[in-house]
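> Quick one, structure for this:
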Amino acid sequence: MVSGGTLTSSKQQYVTRKLTGIVTMANSVFNVTGASNNIPDGCKILKVVAKNLTGRTLTLEVPVSTVMMDMGTVDKTFGPIKKFVTAPLSRFPTIKVNIPDLLALPITNDASQPLFTLGSLISSATDAVELTYTVRYAL
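Below you'll find the model as predicted:
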C-alpha cells in the first residue's frame, strides 16, 4: 500500500520544446528575428539547426548585438559567431549552433531585434531554409 501527499516544490519548472519553421531568403540573405517563426515570448533558444533545402551553401552569423545570447561587455566581447558549410547534391548543408543555458537570454517576439542572419554564396539565391530551434521556457 502506498500513501502520501502531493509534492510541493518552490523550484521553477521548465519545458524544453523543438520548434521548426521554413524561411525563404531574398537575394541570398535572411535576417532572423523573434517574429520569424513565432517563437514564444520569454523563451531561451538553446540550439539552432539551419538546413538549406534548395541550395548547396549556407552561412549563419550571430552578430554581437544579438538578443539571443549574452555576448559579453564592450571590452570583453566574444565577437560574432560565423559559420559556413557546403554540401554535395546528395546532402543538405546544415549548420548547428549550441547556446549554453547560462548565456541564453529570454527573447521577445519582436521583428526589430536581430537573432542571427542566414545567407548563401550565390548573390541572387532564394533558397528555402528549415530552422529547428530547441527552446526552453518556464511554466
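> Please name the nearest non-neighbouring residue to residue 103.
residue 69 (4.7 Å; CB to CB, 6 or more residues apart in numbering). Every residue, glycine included, has its C-beta placed from N, CA and C.
> Distance of that neighbour relative to residue 96?
Counting by CB to CB, to the nearest Å, the gap from residue 69 to residue 96 is 15 Å.
> Residue 117 now?
16 Å.
> and what of residue 46?
To residue 96, residue 46 is 11 Å away according to CB to CB.
> Those two: who's more crowded?
Counting neighbours by other CB atoms under 10 Å for residue 46 and for residue 96 shows that residue 46 has the greater number, 18 against 13.
> contacting residues for the more buried one?
Taking CB atoms under 8 Å, 6 or more residues apart in numbering as the contact definition, residue 46 lies against 16, 98, 99, 101, 104, 134, 135, 136.
> Tell me if I am right that the first one is in a strand.
Yes: under the criterion used here (DSSP: H, G, I helix; E, B strand; the rest coil), residue 16 sits inside a strand.
> The most centrally placed residue in the chain is in what secondary structure piece?
The residue lying closest to the centre of the chain (CA atoms, centre = their mean) is residue 48, at 3.8 Å. In this structure, residue 48 sits in strand 44-52 according to DSSP states H and E.
> Only C-alpha atoms, please: export that strand in CSV.
These are the backbone C-alpha positions of strand 44-52, laid out as CSV (Å, rounded to 0.1, in the frame of the first residue of the first chain):
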residue,chain,number,x,y,z
LYS,A,44,15.5,30.9,-24.3
ILE,A,45,17.0,29.4,-27.5
LEU,A,46,19.4,26.7,-26.6
LYS,A,47,20.1,25.3,-30.1
VAL,A,48,19.6,26.4,-33.7
VAL,A,49,19.8,24.0,-36.6
ALA,A,50,19.6,25.6,-40.0
LYS,A,51,19.3,23.3,-43.1
ASN,A,52,19.3,24.7,-46.7
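> could you give the mean pLDDT of that strand?
Per-region confidence: strand 44-52 scores 94 on mean pLDDT.
> Report the buried residues of the following helix or strand past that strand.
Scanning the chain past strand 44-52 towards its C-terminal end, the next helix or strand to appear is strand 57-62 (assignment: DSSP H and E). Of the residues in strand 57-62, 57, 58, 59, 60, 62 count as buried by neighbour count, 16 or more other CB atoms under 10 Å.
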